[in-house]
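A.B. asks: Predicted structure and sequence below. I'll ask about it afterward.
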Amino acid sequence: MKALIALILLVQLPIHKAVPAAPPAPLGCDDPESEAAAEFSVNYINSRSHHGYKFTLNRIENIRKISQGPNNDIVFLELDLLETTCPILSPTPLENCTVRSFAQHAVEGDCDVKLQKLDGKFSVLASKCHSHADSSEDVLQVCPDCPLLASLNNTEVLTAVTTALNDHNSKTTDAYLRLLEIGRANIQYAPAHIVSVEFAVAATNCSAEDAKDNVEACQLLPDDQSNFGFCKATMVKQPSQDLSVDCLLYGHQVPTSDPGVTYSHPGYDISAGLGPAVVQGFINHNLRLSHNNPFASESSSSEFPSSALSAKSVAKRAVAVVAQHDKVPHPVGFVPPPPPCPGKIRHFEI
């Protein structure tokens with residue numbers, strides 16, 4: 001009888017169903033994992049940029065993580081970058097590069113990056129970037145007397161670059177330098193007429209003295225001896241005339257396993273001048289970077305979903321979070337937490 005009663009009681013006991021585990025909270029733009037993914041992406045972008053200057057992270061606009069299995073995630077990032085004063089050829093580590101100030105006519109980069117995080121290690125599956133200079137109106141509103149970026153094929157800019165490099169080559173006892181590209185330029189008209197230019201150079205197999213006799217024979221050094229550098233020059237045209245030139249060669253840099261910067265063209269000989277056709281008519285080098293990993297698996301397709309990274313979706317998400325907190329009663333003085341994205345601004349907003 002006791003056994004029967006125990007069995008009846010056991011049958012009547014409530015059955016507790018297993019509660020499914022809650023899905024992981026979405027990543028916030030300022031979470032350590034998000035910042036690690038962004039840092040990896042920025043280093044990847046700079047390592048594959050062939051022109052202009054290095055870029056640094058200003059803000060993580062959005063992030064989305066999709067699990068592909070144990071220790072295997074696909075991460076979508078939308079990044080805001082800012083141009084630094086370090087040329088892309090410079091060996092200076094990015095953390096030591098200064099962000100170009102707002103008054104110096106800043107340049108912003110926008111990048112979408114798709115990564116895979118497998119067993120804790122990131123790899124880039126796809127990336128798309130472009131960059132643009134801040135509007136002239138914004139710069140002049142803050143700094144009315146600041147010179148603006150000039151077109152790189154402006155006649156005064158070309159004259160300044162030609163004069164500056166010829167001046168350097170005529171005075172140096174080292175290698176004869178050839179122009180690789182003009183990095184940026186600005187022209188100030190008042191109170192003095194000043195043209196300021198920055199340009200990348202490379203050493204040739206001739207000394208500056210030898211080049212005086214046969215400059216056409218001077219070629220860039222081969223890859224295993226290449227020596228790139230950078231020059232800054234200021235030409236004062238009015239009220240007096242003056243020229244200052246400062247060129248720095250970085251020395252040969254041993255390439256790493258990660259493909260970096262290479263220049264396939266032989267450089268420009270500007271001893272006889274530099275024509276506008278040589279340089280394109282833009283004011284900054286566009287960070288035109290687009291890469292798709294051909295070895296990405298189907299589940300890790302390198303295509304960006306249209307809904308993955310969208311400024312509108314970020315804005316709606318932020319509004320929804322604020323609205324949700326507004327509906328819930330809170331004690332006096334309560335400050336709702338910030339939305340998970342976009343993240344903090346590290347420098348300034350353009």
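C.D. replies: Looks like it arrived, so ask away.

A.B. asks: Where does pLDDT dip in this protein?
C.D. replies: Along the chain, segments meeting pLDDT under 70 span 1-25, 255-281, 289, 291, 293-338.

A.B. asks: mind listing the helices for it?
C.D. replies: Secondary structure of the chain (DSSP state H): helices located at 2-12, 32-47, 136-142, 155-171, 208-211, 311-327.

A.B. asks: Report the buried residues of the second one.
C.D. replies: Translated: helix 32-47. Buried residues in helix 32-47, defined by neighbour count with 16 or more other CB atoms under 10 Å: Ser34, Glu35, Ala37, Ala38, Phe40, Ser41, Val42, Tyr44, Ile45, Asn46. All C-beta spots, glycine's among them, are computed from the backbone N, C-alpha and C.

A.B. asks: count of residues packed around Leu249?
C.D. replies: For Leu249, the neighbour count with other CB atoms under 10 Å is 16.

A.B. asks: Assess the claim that it and Ala203 are in contact.
C.D. replies: Yes: counting by CB atoms under 8 Å, Leu249 touches Ala203, with 6.2 Å between them.

A.B. asks: any residues in contact with both of those two?
C.D. replies: Common neighbours of Leu249 and Ala203 (criterion: CB atoms under 8 Å, 6 or more residues apart in numbering): Asp174, Ala175, Leu177, Asn227, Phe228, Gly229.

A.B. asks: residue boundaries of the strands in the chain?
C.D. replies: 53-69, 72-87, 107-118, 121-133, 148-149, 175-188, 193-207, 228-238, 242-249, 289-292 (DSSP state E).

A.B. asks: Report the buried residues of the second one.
C.D. replies: Okay, so that is strand 72-87. So, applying 16+ other CB under 10 Å, buried residues of strand 72-87: 73-87.

A.B. asks: Domain ranges for the protein, per the record?
C.D. replies: Listed domain ranges for the chain are 23-146+280-302, 154-253 (source: the TED database).

A.B. asks: Quick one: these as a markdown table, columns for distance to Pro339 too.
C.D. replies: Output for the domains of the chain, formatted as a markdown table (distance: least, CB to CB, whole Å):
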| stretch | distance to Pro339 |
| --- | --- |
| domain 23-146+280-302 | 8 |
| domain 154-253 | 36 |
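
A.B. asks: So for Glu349, which of those domains sits nearest?
C.D. replies: Minimum separation from Glu349 across the domains of the chain (CB to CB) falls at domain 23-146+280-302, 7.7 Å.

A.B. asks: Residue nearest the middle of this structure, spatially speaking?
C.D. replies: Phe55 (3.1 Å; CA atoms, centre = their mean).

A.B. asks: So which of the strands of the chain is nearest Arg346?
C.D. replies: Nearest to Arg346, of the strands of the chain and by CB to CB, is strand 53-69 at 5.4 Å.

A.B. asks: quick one: the closest one to strand 121-133, angle?
C.D. replies: 140 degrees (axes from the mean of the first three to the mean of the last three CA atoms, to 10 degrees).

A.B. asks: Strand 53-69 to strand 175-188, inter-axis angle?
C.D. replies: Using the same axes, to 10 degrees: strand 53-69 against strand 175-188 is 90 degrees.

A.B. asks: Just the CA atoms of strand 53-69, as CSV, please.
C.D. replies: What follows is strand 53-69, C-alpha atoms only, in CSV (Å, rounded to 0.1, in the frame of the first residue of the first chain):
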residue,chain,number,x,y,z
TYR,A,53,48.4,58.6,-45.6
LYS,A,54,47.6,56.1,-42.8
PHE,A,55,44.2,56.2,-41.2
THR,A,56,43.2,55.6,-37.6
LEU,A,57,40.0,54.7,-35.9
ASN,A,58,37.7,57.5,-34.9
ARG,A,59,34.4,55.6,-34.2
ILE,A,60,32.8,52.2,-34.5
GLU,A,61,29.5,53.0,-36.1
ASN,A,62,27.9,49.5,-36.0
ILE,A,63,28.8,45.9,-35.4
ARG,A,64,26.9,42.7,-35.9
LYS,A,65,28.1,39.1,-35.0
ILE,A,66,26.6,35.9,-36.5
SER,A,67,27.6,32.6,-35.0
GLN,A,68,28.7,29.9,-37.4
GLY,A,69,29.3,27.3,-34.8
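
A.B. asks: Check the offset of that strand from the chain's centre.
C.D. replies: Its chain's C-alpha centre and that of strand 53-69 lie 12 Å apart, by CA atoms, centre = their mean, to the nearest Å.

A.B. asks: what packs against that strand?
C.D. replies: Packing partners of strand 53-69 (3 or more CB pairs under 8 Å, 6 or more residues apart in numbering; DSSP states H and E): helix 32-47, strand 72-87, strand 107-118, helix 311-327.
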